[in-house]
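Undergrad: Let me see the structure of the following:
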Amino acid sequence: MKLRNSLGAGLILASTILTAQAHADAVVKVTLIDKMGTPDLSKPLGLGMGMHADMKAAKMGIKINPQSANHGYVKFDVTNLASNLVHEVLISRITDENQLLPFDQGRNKVDTESLQTLGSLSEIDPNKTASLTLDLKPGKYLLFCNVAGHYMAGMWAVIEIK
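TA: Here you go, the predicted structure:
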């Protein structure tokens, strides 16, 4: 009898944890956009976070709506609107929107080894969607695509968690 009660309590606790993780306190719509077709991204375009570049020149981007959310479980519903490019989304906590990310020029990618990534959605095909739910504390978070050349082509956005 005691074993059955212990197992029952364990199942209830596990169920409660899974329910909390599945429930989002906020939902953020994330749209991955590119206007390049098949771009030449062999060289960094200099549109990374903190570079103070003219983002109107960006041929790629990430749009988020809303641009802020309350802390807790945040669900990111991601849609890749690209016509023929696969994208990804990585999420990292940042301290300042003016900071420069560690960047590997040879690979034309953010060096994620020296950046704490909290979650990611990889290989989102054109016109497909994916979702990720994270338990986020107040602060600023960077969403970016780290397919070679995409980050420096403007594929990043910042969301504030209050």
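Undergrad: what pLDDT does Asp104 get?
TA: On the pLDDT scale, Asp104 is placed at 92.
Undergrad: what's Lys128 in contact with, if anything?
TA: Shown here is Lys128, whose contacts under the criterion Cβ atoms under 8 Å, 6 or more residues apart in numbering are Thr79, Asn80. All C-beta atoms are positioned from the backbone trio N, CA, C, and that covers glycine.
Undergrad: distance of it from Glu88?
TA: Counting by Cβ to Cβ, to the nearest Å, the gap from Lys128 to Glu88 is 12 Å.
Undergrad: Equivalent analysis for Lys75, please.
TA: According to Cβ to Cβ, Lys75 and Glu88 sit 17 Å apart.
Undergrad: Also Gly50?
TA: In terms of Cβ to Cβ, Gly50 sits 21 Å off from Glu88.
Undergrad: more neighbours, those two?
TA: Regarding Gly50 and Glu88, a neighbour count based on other Cβ atoms under 10 Å identifies Glu88 as having more, with 19 against 12.
Undergrad: immediately after the helix-or-strand element of the chain with minimal mean pLDDT, which helix or strand?
TA: Across the helices and strands of the chain, mean confidence by mean pLDDT, DSSP states H and E is lowest for helix 2-22: a mean of 42. Note on helix 2-22: by DSSP states H and E, the next helix or strand toward the C-terminus is strand 26-34.
Undergrad: what comes into contact with that next one?
TA: Contact with strand 26-34 is made by 59-66, 69-70, 72-83, 85, 87, 89, 124, 143, 145, 150, 153, 155, 157, 159, as judged by Cβ under 8 Å, 6+ apart.
Undergrad: May I have the strands that pair with that strand, each with its orientation?
TA: Under the criterion DSSP bridges, strand 26-34 sits next to strand 60-65 (antiparallel), strand 72-80 (parallel) in its sheet.
Undergrad: Going by neighbour count, which residues in that strand are buried?
TA: For strand 26-34, the neighbour count (16 or more other Cβ atoms under 10 Å) marks Ala26, Val28, Val30, Leu32, Ile33, Asp34 as buried.
Undergrad: what about the closest residue to Asp25 other than its chain neighbours, distance to Ser42?
TA: Computed as Cβ to Cβ, 6 or more residues apart in numbering, the closest residue to Asp25 that is not its neighbour in sequence is Gly72, at 3.6 Å. Counting by Cβ to Cβ, the gap between Gly72 and Ser42 amounts to 41 Å.
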